[in-house]
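Participant: Next come a sequence and a model predicted from it.
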There are 2 protein chains.
Amino acid sequence: MSISPLQKERLQYSPKLPGMLRNGIAEICVKEGEETKSVADQEKIKALFPNTYGKREITFEKGQNTSAAKKQVVGVILSGGQAPGGHNVVCGLYDALKATDRENVLYGFKNGPSGLLNDDYVEFTDEFIDQYRNTGGFDIIGSGRTKLETEEQFAVAAEVCKKHGITAIVIIGGDDSNTNAAVLAEFFAAHNTGVQVIGCPKTIDGDLKNEDIECSFGFDTATKTYSELIGNIERDANSAKKYWHFIKVMGRSASHVALECALETQPNICLVSEEVAEKKMSLSEIADYIADSVANRAANGMNFGVAIIPEGVVEFVPEFSVLIAEINELLAGAKADEFNALPTWKDKYAFIENGLTKESMAVFAILPETIQQQLFLERDPHGNVQVSLIESEKLFSALVKAKLEERKQTGTYSGKFSPLHHFFGYEGRCAFPSNFDADYCYSLGYNAFMLIQYGYNGYLSKISNLSKPAEEWVAGGMPITKMMNMERRHGEDKPVIRKALVELDGKPFKFFEAHRAEWAVETAYTYPGAIQYYGPASVCDITTRTLALEKGE
Amino acid sequence: MSISPLQKERLQYSPKLPGMLRNGIAEICVKEGEETKSVADQEKIKALFPNTYGKREITFEKGQNTSAAKKQVVGVILSGGQAPGGHNVVCGLYDALKATDRENVLYGFKNGPSGLLNDDYVEFTDEFIDQYRNTGGFDIIGSGRTKLETEEQFAVAAEVCKKHGITAIVIIGGDDSNTNAAVLAEFFAAHNTGVQVIGCPKTIDGDLKNEDIECSFGFDTATKTYSELIGNIERDANSAKKYWHFIKVMGRSASHVALECALETQPNICLVSEEVAEKKMSLSEIADYIADSVANRAANGMNFGVAIIPEGVVEFVPEFSVLIAEINELLAGAKADEFNALPTWKDKYAFIENGLTKESMAVFAILPETIQQQLFLERDPHGNVQVSLIESEKLFSALVKAKLEERKQTGTYSGKFSPLHHFFGYEGRCAFPSNFDADYCYSLGYNAFMLIQYGYNGYLSKISNLSKPAEEWVAGGMPITKMMNMERRHGEDKPVIRKALVELDGKPFKFFEAHRAEWAVETAYTYPGAIQYYGPASVCDITTRTLALEKGE
């Protein structure tokens, strides 16, 4: 196998643990804190988790290790979308497990939670795991999107665990996967299986975040990768001086990724979905907001710019959500066949015009034709519009172009507008983890094993104080139930970890809000450049602007 | 102005000069080599360049500087598309000029060659230039695409030079810009202006390359940036195991960028335009070639992969070029109005069917509808198809999809095929230059001043032995006329620098050819990761695989 020079060097990197975990396994003692309660709906959550609710917060400290000697057989699962650092969680877990007892065993269930159900696994060895240290990707065992949520699945999981003598399962996943980890933990406890479940907070989207989890892993590396590219494009825009770049970035519903990239690169425009929803902005208002920047810059001789568009923004535009719902209704069941049978787009357009409300038709009418067609022609197996496939970067540039043409008519704009489009997502999910993510992930995995060894169940591996050097990080654990509340999902009340959206009164957004008017008109770009793994700590070891601002730094 | 931590650190980086230029200005002497002749059409080139043809090859050495004392007033111009390192050419030029005599002056003409014609310039100072050391972009003075090629322009240029007492012009550009530099040099010599012209070889496309110029600057950084992203996507593909990524990369006509990225990342497929032309491949044959890889991998359970598509490939498909020519003819002049007046796509399609030859219609018919429409609806001001706007990554994935559906019918394929599309170009043109490009560019600029100081005109700044450490690089100059031949351009025979396409019997392509069958079926990806500026030399200081292979390393 051919490996790159960087990969070869990264295999040698020693991730930094929190200071309190650096003294060797024999010198890690546990300190229990207060009993916990869920962030909301305490009675309901308690009733659903009688065996795992209300447990104490955990912190590790330097001191005599008092955990009981016990052979540990642990299974680990990567769940959902890739995030840089996943391999290091596995490595940290493996190293702590083997440092505790060479006889301990770590299994990796393959291709996500389905690996556990199918009993499809690999047993880790030094030779195998050493090929993956500090590398990106989830290819060590693969990932998958099967959800572990039914009693039947849990029963199968218990059988597989029993067969292999598994004492604990570590689930590396996002909010949904960790919610499911909590339910599985409760099942295992209720059925006296003796199997513990520990979760680790993963997602590049940054939406698994709360008063206990300062950030999910992968967010740092992914946003640094996107910021590198956005900064490069900004510099290109400022050199060529003739293009407006519309850049969509991944991040699902939340705008954490877009906002962090904006804080790193200071573009002219960054939409924030949560603000669009809060202010109930229409497509036309958003287009005008961007067009104002284009026109003001053009008036200063700058016919170029950069706008960041969060992946999920169109779903947050109220009138657009209504339009989507109406389209889904309009094409439900047999009506789709009737629609599909219409010979030309003109006929189809008439059908649409006839079927939508006047308000939604007004929204539909201003969309560029390619987006109009996309909405009707590319639907999922259930016949629904695939919102995630909408090329919103092209949608907004087309709307802005129309606005500018209007302004030309009225003489309020006389510039040139040449848009280019980009979408960054897959580029960042499997990058080599930054030093921060390499250290954080290794610590999460190492720490997860300490939680197992001390007998905890239904906990999330927790490393905090992350804006400080790793030496000062705090390692511990938190009952997952503490992060839960009840939410309506698919017509049922479900206990879930609350998804963190961008808070409009939070410091990261406030900082952005205070500067964006200047950035919209000036060329205030910053160029982060590529992630650095060696060299000055000021370049290599700092994490996100989001976390720094949240911590008041 | 807010600058990033990396930028702050990079401002402090000291670029490495060739060993022979490291002893101070007083210790640089010149050695003249053989008289030169153009690579072809010697008599014609000689006749066109009576004053600058046949000059001697130059090398600098350690020794007593014997150049005449003379106040130098130099103007520098950035021409054409951005390439990482352009700022360092200016910095090297400035440092050598000021080290020779603090009274010397460097002007930067703004926004490309038009800055010279419009007498629009900035005078460089230490404070100003220090903000740009080792940074990407051309924003220091901007760039532009005005061509300096007419006698009238040359006369204006001579006037501007006279006005400022300019003794030399340095033009940083690609093959066309350096061709024009040679013509300008001849004009200046013929008119006894006393103004010298020196060129520097710039382009990320890598197509300004010959027996004297080992590589153009920017190619190293741009291909490393694209390879970082392609590697990340490969790792994502190999983790998620469900997508085929079709990645188009910049590079204009030549496939140097695509080939270098393939050598760095070992994807399943990389098209090489020059081979497509040589083998006269049809779209259908190319689609079958890719579909073979998809099907073979699917048979081994791998429904994922990565294919690299060079930007210019469709122009190299003979049947496609014919189609484009026919379309241009079909819509020439008033016929476009007739076409545009047709109410529906169906009517337009009938018009097209009627107008194309049977052969071209067969090609047109297999294109996906979005591409068909693009060909007819998005034309340049002259009514011509805009070939560079064709989304060839989507074109090929659609053709492959159709092939796979055929194979499903015949039972020779039963996999899943979910394509995703990317285009990388603007992301790499303004990246922070790699150490290689930072060093190479600084050396080119420094060296350009030595050529000026020693009185040379119509030379290209030449640094060679580039696959070795900078200490061993060789600095000198080569008459631009030496690289020229006569080519037919716009109906006229013109003296031009020969554009370098990928040589199918060259070592880089041969290496690729020897491995690609294995890469097409196996998952042999390599993950280069982000450009590193600090750390092990094995990671930070090596240049391209292309150059290493060309040098037999």
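Facilitator: Received the coordinates, thanks.
Participant: Which positions in the stretch 101-250 of chain A make contact with chain B?
Facilitator: By the rule C-beta under 8 Å from any C-beta of the partner chain, the part of the stretch 101-250 of chain A lying against chain B is A:111, A:135-139, A:142-143, A:225, A:228-229, A:231-233, A:235-236, A:238-241, A:243, A:245. Every residue, glycine included, has its C-beta placed from N, CA and C.
Participant: Can you name the residues that contact residue A:385?
Facilitator: Counting by C-beta atoms under 8 Å, 6 or more residues apart in numbering or on different chains, residue A:385 makes contact with A:324, A:327, A:328, A:375, A:378, A:379.
Participant: And those, which is closest to residue B:452?
Facilitator: Residue B:452 lies nearest to residue A:378 out of those, by C-beta to C-beta, at 59.5 Å.
Participant: ok, now which ones touch that closest one?
Facilitator: Residues in contact with residue A:378 (C-beta under 8 Å, 6+ apart) are A:385, A:386, A:389.
Participant: now do 6 Å
Facilitator: Residue A:378 makes contact with A:386, A:389, according to C-beta atoms under 6 Å, 6 or more residues apart in numbering or on different chains.
Participant: Residue A:99 and residue A:464: what is the separation?
Facilitator: 23 Å (C-beta to C-beta, to the nearest Å).
Participant: Can you verify my assumption that residue A:394 contacts residue A:423?
Facilitator: No: with contact defined as C-beta atoms under 6 Å, residue A:394 does not reach residue A:423; the gap is 9.7 Å.
Participant: for chain A, what's the longest helix?
Facilitator: helix A:219-240 (DSSP state H).
Participant: and the next element down the chain from the host helix or strand of residue A:477?
Facilitator: Element membership of residue A:477, judged by DSSP states H and E, is strand A:474-479. Helices and strands here follow DSSP H and E; after strand A:474-479, the next one along the chain is strand A:484-489.
Participant: can you list the residues of chain A near chain B?
Facilitator: By C-beta under 6 Å from any C-beta of the partner chain, the part of chain A that sits against chain B consists of A:2, A:4-7, A:9, A:82, A:136-139, A:229, A:232-233, A:235-236, A:238-239, A:344, A:426-427, A:429-432, A:526-531, A:534-536, A:538-539.
Participant: what about burial for these, which qualify?
Facilitator: Buried members of the residues of chain A next to chain B, scored by 16 or more other C-beta atoms under 10 Å in any protein chain shown, are A:4-7, A:9, A:82, A:136-139, A:229, A:232-233, A:235-236, A:238-239, A:426-427, A:429-432, A:526-531, A:534-535, A:539.
Participant: just for the stretch 401-550 of chain A, where's the confidence low?
Facilitator: Along the stretch 401-550 of chain A, segments meeting pLDDT under 70 are nowhere present.
Participant: Strands of the stretch 51-200 of chain A, start to end?
Facilitator: In the stretch 51-200 of chain A, the segments counted as strands under DSSP state E, counting those that start in this stretch are A:56-62, A:73-78, A:105-109, A:121-123, A:168-173, A:196-201.
Participant: What of the stretch 351-500 of chain A?
Facilitator: Applying DSSP E, counting those that start in this stretch to the stretch 351-500 of chain A gives strands spanning A:419-424, A:459-464, A:474-479, A:484-489, A:492-497.
Participant: Good, wrapping up.
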